[in-house]
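Asker: with the sequence up front, the predicted model follows.
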Amino acid sequence: MFTLLEFFQPETLEDAYNKLVARKTNTILGGCAFLKMGSKRIGTGIDLSKLNLNYINETDNYIEIGASTTFRDIETNEALNNYFNGVLKEAVKDIIGVQFRNMVTVGASVYSKYGFSDFITALLALDTEVELYKGGRLSLQDFLIKPYEKDILTKIYIKKNERKASYKSLRNSKSDYPILNVTVSKLNDDFKIVVGARPATAKISIDASKFLSQEGFSETSLNKALDIMSSELIFGTNMRATYEYRQAISKVLVKRAIMEVIKC
């Protein structure tokens, strides 16, 4: 269980940011689902609930998701799940349980760059950008490799297009953390192959995606792309699986996702 020395509910994002950077131990509070599992000592906990960041909106070109939107909101939003084969719903629907998904927020999950995140793996296969209060707007791919600095993730943008996507994962039990998760998407001839829970943060297999996009789909090109992906990405060992197992199973899951996207 985490402990707070102070609690603060800002009226503006500027107030929230100023409080955040005022002390090293000050922290933005999301749904606190994962904080409750640790023993972190927080100076000031900053609650963004008064800033109206819980929304899913459509514009002409983007779907905009506010930072305080919960995974349950993602799972149940009909408009959102009409896009991308409902891949975001598929990515979050088995995370722990409904009560847990009612607490976990989009902003906290993405900003924390969790290695086990199913949601990040799905977002990365789409055309996704994030907006930071100080850092501005940048692609999710660039954000994930950006060095850590204190900021507030306020919004996510997903480009509205005809990209089709498929999410797959392997778990010891349905509601457990993933041993490995993958998402493959396709827009015209452009493939994106993403692997997460390696156990590091999700990453695009750039070389494999480029190869499959250029060569087109065939049994030969598929097998070659799988070989490229498994050697390009770095897999690790933890209590859930060895790197050898993750590397081997990545080919199985990515192949299933590619086949599903092709059928779309």
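Answerer: Noted; the coordinates are in hand.

Asker: give the buried residues for stretch 76-88.
Answerer: Neighbour counts over stretch 76-88 (16 or more other CB atoms under 10 Å) mark N77, L80, N81, Y83, F84, N85, G86, V87, L88 as buried. Using the backbone N, CA and C atoms, a C-beta is placed for each residue, glycine as well.

Asker: go ahead and confirm the last one touches F119.
Answerer: So that's L88. Yes: taking CB atoms under 8 Å as the definition, L88 is a contact partner of F119 at 7.3 Å.

Asker: overlap of the contact sets of the two?
Answerer: Taking CB atoms under 8 Å, 6 or more residues apart in numbering as the criterion, L88 and F119 both touch I74.

Asker: so who does A241 touch?
Answerer: I179, L180, I249.

Asker: from these, which land in strands?
Answerer: Of these, the ones assigned to strands by DSSP state E are I179, L180.

Asker: out of the contacts of A241, grab the one that's most surrounded.
Answerer: Within these, L180 tops the neighbour count with 27 neighbours, counted by other CB atoms under 10 Å.

Asker: and G97, how far from L226?
Answerer: G97 sits 34 Å away from L226, going by CB to CB, to the nearest Å.

Asker: now swap in K186 and tell me
Answerer: Counting by CB to CB, the gap from K186 to L226 is 16 Å.

Asker: shaky segments in this protein?
Answerer: Low-confidence segments of the chain (pLDDT under 70): 1-2, 4, 30-40.

Asker: the more surrounded of G97 and L226?
Answerer: Shown here are G97 and L226; by other CB under 10 Å, L226 has more neighbours (20 against 9).

Asker: and the helix or strand where that one lies, what's buried?
Answerer: Element membership of L226 [criterion: DSSP states H and E] is helix 219-232. Neighbour counts over helix 219-232 (16+ other CB under 10 Å) mark L222, A225, L226, I228, M229, S230, E232 as buried.

Asker: equivalent analysis for stretch 46-60, please.
Answerer: So stretch 46-60, judged by 16+ other CB under 10 Å, has buried residues I46, D47, L48, L51, L53, N54, I56.

Asker: residues in contact with the third one?
Answerer: Listed by CB under 8 Å, 6+ apart, the contact set of L48 reads P10, A16, I28, L29, A67, S68, G107, I152.

Asker: who does K164 bridge with?
Answerer: K186 (DSSP bridges).

Asker: that one touches S185, doesn't it?
Answerer: Yes: between K164 and S185 there is a contact under CB under 8 Å: 6.5 Å.

Asker: ok, back up a step: so which residues make contact with the helix holding L226?
Answerer: 193, 195, 205-208, 211-212, 215, 247-248, 250-251, 254-255, 258.

Asker: now stretch 57-68
Answerer: Stretch 57-68 has contacts (CB under 8 Å, 6+ apart) with 30, 48-49, 51-56, 74, 79-80, 83, 105-108, 111, 152-160.

Asker: which parts of this protein are helices?
Answerer: 13-22, 71-76, 87-92, 98-101, 106-112, 118-125, 140-145, 206-215, 219-232, 243-263 (DSSP state H).
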